[in-house]
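[1] Need a 3D model of the sequence below.
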Amino acid sequence: MPVYGDEVVVLRAQPLGEADRILTLFGRERGKVRAVARGVRRTSSKFGARLEPFGVVDVQLFTRDPDERSKLETVTQAVTVHSFANGLVADYDAYAAASAMVETVDRIIDAEPAPLQWALLVGALRELSRGERDPRSALDAYLLRALSLAGWEPSFAECARCGEPGPHERLSFGAGGAVCPGCAAALGATRRVDVDTLRHLWALLAGNRRVADAAPAEVRERASGVVAGYLDHHLERGLRSMPVVRELRGAAGPGAVDGAEGGRADTVTP
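    Presented below is the predicted three-dimensional model:
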């Protein structure tokens with residue numbers, strides 16, 4: 001069918017000409033789609049405000065060829081399902097975290113349907129917009145789980161290389177998480193991480209809010225550095241929104257990896 005409906009998250013919006021926008025949409029059923037929204041920048045537009053980033057929208061799209069995903073489609077109708085933007089723009093920290101979330105999912109998904117990624121993103125945006133959780137913890141938990149769904153699940157409880165039960169005090173992004181002393185020696189390039197930080201990272205990944213939210217501020221800072229480094233390693237280049245995220249975190253925590261500017265290689269940390 002040339003016209004179809006889907007429930008989408010608006011990831012990005014770019015101006016096109018004087019009145020139009022190009023939208024990057026993440027559909028529950030269709031995956032990532034790029035579409036033109038005609039006339040939405042005019043004050044008379046009936047659904048321009050419904051197609052802002054972070055919104056969940058029930059849309060109808062027109063496509064000339066459903067099998068050709070590289071061409072722009074056209075938005076013909078839009079109805080708001082969840083408007084998260086109002087709650088996010090009122091809180092700078094939440095907005096920065098949400099920006100990193102939508103940029104991450106834009107980088108790791110493609111045109112194929114990814115319903116688990118879609119549900120994870122919507123849940124995380126809802127949590128941020130309602131102020132239910134510290135934005136830093138919400139972002140770190142989201143990033144770890146999104147990377148896991150993309151096939152890069154880290155191991156924090158046992159050695160990522162040989163499976164030896166932990167806790168271990170060395171970490172390798174390339175190996176996929178914590179590594180035992182023997183594997184650390186074989187790898188040669190690892191970094192030291194304390195047990196409290198590993199426990200916090202495990203809680204974030206497992207969705208254990210009680211343990212994660214009880215962690216001291218310095219542990220959260222160190223964990224954020226690990227998450228940023230792990231993300232950067234697998235995406236191969238940093239997120240454009242990460243400098244803003246670093247502002248909400250203050251300075252990088254002790255032993256943190258710079259996730260936006262060249263921190264992708266593992267380093268030996270004494």
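
[2] Just give the number of residues close to the residue lying closest to Phe173 once chain neighbours are set aside.
    The shortest distance from Phe173 to any residue other than its chain neighbours is 4.0 Å, reached at His233 (Cβ to Cβ, 6 or more residues apart in numbering). Backbone N, C-alpha and C define where each C-beta goes, glycine included. Using other Cβ atoms under 10 Å, His233 is surrounded by 20 other residues.

[3] Would you check how far apart His233 and Val227 are?
    11 Å (Cβ to Cβ, to the nearest Å).

[4] before we move on, what about Gly166?
    The gap separating Gly166 from Val227 is 18 Å, by Cβ to Cβ.

[5] Between these two, which has more neighbouring residues?
    More crowded of Gly166 and Val227, by other Cβ under 10 Å: Val227, with 25 against 19.

[6] which residues touch that one?
    Val227 makes contact with Asp140, Leu143, Leu144, Leu201, Leu204, Gly259, according to Cβ atoms under 8 Å, 6 or more residues apart in numbering.

[7] With Lys71 as the reference, measure out to the third one.
    What that stands for is Leu144. Leu144 sits 34 Å away from Lys71, going by Cβ to Cβ.

[8] neighbour-wise, which of those two wins?
    More crowded of Leu144 and Lys71, by other Cβ under 10 Å: Leu144, with 24 against 10.

[9] and the closest residue in space to the more buried one that isn't next to it in sequence, what does it touch?
    Nearest residue to Leu144, sequence neighbours excluded (Cβ to Cβ, 6+ apart): Leu205, at 4.5 Å. By Cβ under 8 Å, 6+ apart, the residues touching Leu205 are Ala141, Leu144, Arg145, Ser148, Glu153, Pro154, Phe156.

[10] Show me what Leu61 is bridged to.
    Beta-bridge pairing for Leu61 (DSSP bridges): Tyr4, Val75.

[11] That one and Thr76 touch, don't they?
    Yes. With contact defined as Cβ atoms under 8 Å, Leu61 reaches Thr76; the gap is 6.8 Å.

[12] Give me the common contacts of the two.
    With Cβ under 8 Å, 6+ apart, Leu61 and Thr76 have common neighbours Val3.
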